[in-house]
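K.L.:
just to be clear, the model below is a prediction. Sequence and coordinates:
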Amino acid sequence: MTFRNHYQNAYVTRDIEAAMALAQQRYGIDSFIQFDVDMDMLTPDGPRRSISKAALGWSGGFNFELIEPVGGELDIYSAYLPPDNSLRLHHVCMRTFDWDATLADIAANGWPIAFEGHMEGLKFVYVDARETFGHYLEYLYAEPEMWRMIGGP
């Protein structure tokens, strides 16, 4: 299951507007869907609030997520910020079609969960794979209507 259905790379930045412009100018990612994220996430230490700006851009069937941490108690994003306005890889994301099987696979492999969250039509979990890969792995389940809403192919 580890990298099956890999569809996204996600990057953190200090300036989401500059990051979108850079991605459009240098790499031809034509347009982004922007949104603000304010949610509670479940961590091994209990619930934490995360506030960020996010943007999703597609190039063919591949998605680029940009994240600008804004506030909250969860520093999982801000700890990765580069010293300037560039982008830094934070995680890769795999789409899953069976949420319960994904959670069972994570548990069976003993992968440490950094946090998990959900919103209507969408669930996600971050596995802490920094020791092996230097970044997190995200597994995302999206109902078909939510997948279409975020621009999925």
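P.N.:
Thanks, I have it.
K.L.:
residue 18 in helix, strand or coil?
P.N.:
helix (DSSP: H, G, I helix; E, B strand; the rest coil).
K.L.:
what's the spacing between it and residue 36?
P.N.:
17 Å (C-beta to C-beta, to the nearest Å). C-beta: built from backbone N, CA, C; applies to glycine.
K.L.:
comparing these two, which shows the higher neighbour count?
P.N.:
Shown here are residue 18 and residue 36; by other C-beta atoms under 10 Å, residue 18 has more neighbours (16 against 10).
K.L.:
tell me where the protein has helices.
P.N.:
Using DSSP state H, the helices of the chain run over residues 16-27, 99-109, 130-133, 144-149.
K.L.:
export those helices as CSV, with columns for mean pLDDT and distance to residue 86.
P.N.:
CSV is the format used below for these (pLDDT from 0 to 100; distance: least, C-beta to C-beta, whole Å):
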stretch, mean pLDDT, distance to residue 86
helix 16-27, 94, 8
helix 99-109, 97, 31
helix 130-133, 94, 20
helix 144-149, 90, 29
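K.L.:
go through those helices and pick out the most buried.
P.N.:
Among these, helix 16-27 has the highest mean neighbour count (mean count of other C-beta atoms under 10 Å), at a mean of 15.
K.L.:
by contact count, what packs against it?
P.N.:
The helices and strands touching helix 16-27, judged by 3 or more C-beta pairs under 8 Å, 6 or more residues apart in numbering; DSSP states H and E, are strand 32-43, strand 46-59, strand 62-72.
K.L.:
so what's the gap between that helix and the chain middle?
P.N.:
18 Å (C-alpha atoms, centre = their mean, to the nearest Å).
K.L.:
I figured residue 115 hits residue 42, correct?
P.N.:
Yes. Here residue 115 reaches residue 42: they are 6.2 Å apart, a contact under C-beta atoms under 8 Å.
K.L.:
ok, the two, which is more surrounded?
P.N.:
Each of residue 115 and residue 42 has its neighbours counted (other C-beta under 10 Å); residue 115 has more, 22 against 14.
K.L.:
confidence score at the more buried one?
P.N.:
With respect to pLDDT, residue 115 scores 94.
K.L.:
just list whatever residues bridge to it.
P.N.:
Under DSSP bridges, the beta-bridge partners of residue 115 are residue 126.
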